[in-house]
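S.K.: give me a model of this one.
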Amino acid sequence: MIFANDFIKNARLLMSGGVSAIPTEGVWGLSCLVSNEHAIERILRVKQRDRAKGLITLVSTFDELSHWFACPVLEVARDETGRPSTWIIPVNADCPKILTGGRDSMAVRRVTMPSLVRLIDVVGPLVSTSANRSGRPACQSRWQVMNQLGDSVDYVARGRTQGYRKPSTIRDMQTGIIIRD
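M.R.: This is a model prediction of the structure:
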């Protein structure tokens, strides 16, 4: 569900360098623009996440980040339907290390949830990590986010998750092999 005023407020906040909590496919996520390293650092602090773990980037199309990819995008990834997979993709030296956790690959999920697609189409690719402090369960509702992180982020969007109960499948972009189902 998209609330017009909420969408505009959230998009403006993200474009101005803010950190927002947003509903994703299965859980709530902490997000900012992939191009804003200061906001990414804030997410790591709020979440108390080890930067060596890296972060997922959400895109509406893989082409948005193809300048960083060191391998072609598989057709199965471009045409995926249903619960989206997170793809582990080898990257070149231009990809910011804060996204990769220092690895030579990054995690990318092409979203299909209409509100996320619309947001990304307006503001660009987003960093995403579950909305919770490291070691605690991921937030399933706006209320949980407000209670746990409301004073640590710039905005908590309205809406609901897409309803998936499992985390995304993780797949290797070079082989298509499932790493985690």
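
S.K.: what residues are up against Asn132?
M.R.: 47, 138-139, 148-149 (Cβ atoms under 8 Å, 6 or more residues apart in numbering). All C-beta spots, glycine's among them, are computed from the backbone N, C-alpha and C.

S.K.: what is the nearest of these to Trp87?
M.R.: Ala138 (20.2 Å; Cβ to Cβ).

S.K.: let's verify that closest one: helix, strand, or coil?
M.R.: coil (DSSP: H, G, I helix; E, B strand; the rest coil).

S.K.: with Gly163 instead?
M.R.: Gly163 - assigned by three-state DSSP - is coil.

S.K.: right, and Gly102 touches Ala52 too?
M.R.: Yes. Counting by Cβ atoms under 8 Å, Ala52 is a contact partner of Gly102 at 6.1 Å.

S.K.: quick check on the residue nearest to the spatial centre of the chain: phi, psi?
M.R.: Centroid check for the chain by Cα atoms, centre = their mean gives Ser128 as the closest residue, at 2.5 Å. Here is the backbone geometry of Ser128 (degrees, to the nearest 10): phi -150, psi 140.

S.K.: in contact with it, which residues?
M.R.: 24, 29-31, 55-58, 109.

S.K.: distance check, Lys53 against Arg171.
M.R.: 18 Å (Cβ to Cβ, to the nearest Å).

S.K.: these two - which one has more neighbours?
M.R.: Neighbour totals were compared for Lys53 and Arg171, and Arg171 leads with 22 against 14 (other Cβ atoms under 10 Å).

S.K.: where's the more buried one, which helix or strand?
M.R.: Arg171 belongs to strand 170-172 when assigned by DSSP states H and E.

S.K.: that strand packs against which elements?
M.R.: Strand 170-172 is packed against strand 86-90, strand 178-180, with contacts defined by 3 or more Cβ pairs under 8 Å, 6 or more residues apart in numbering; DSSP states H and E.

S.K.: sheet-wise, list the partners of it with their directions.
M.R.: strand 86-90 (parallel), strand 178-180 (antiparallel) (DSSP bridges).
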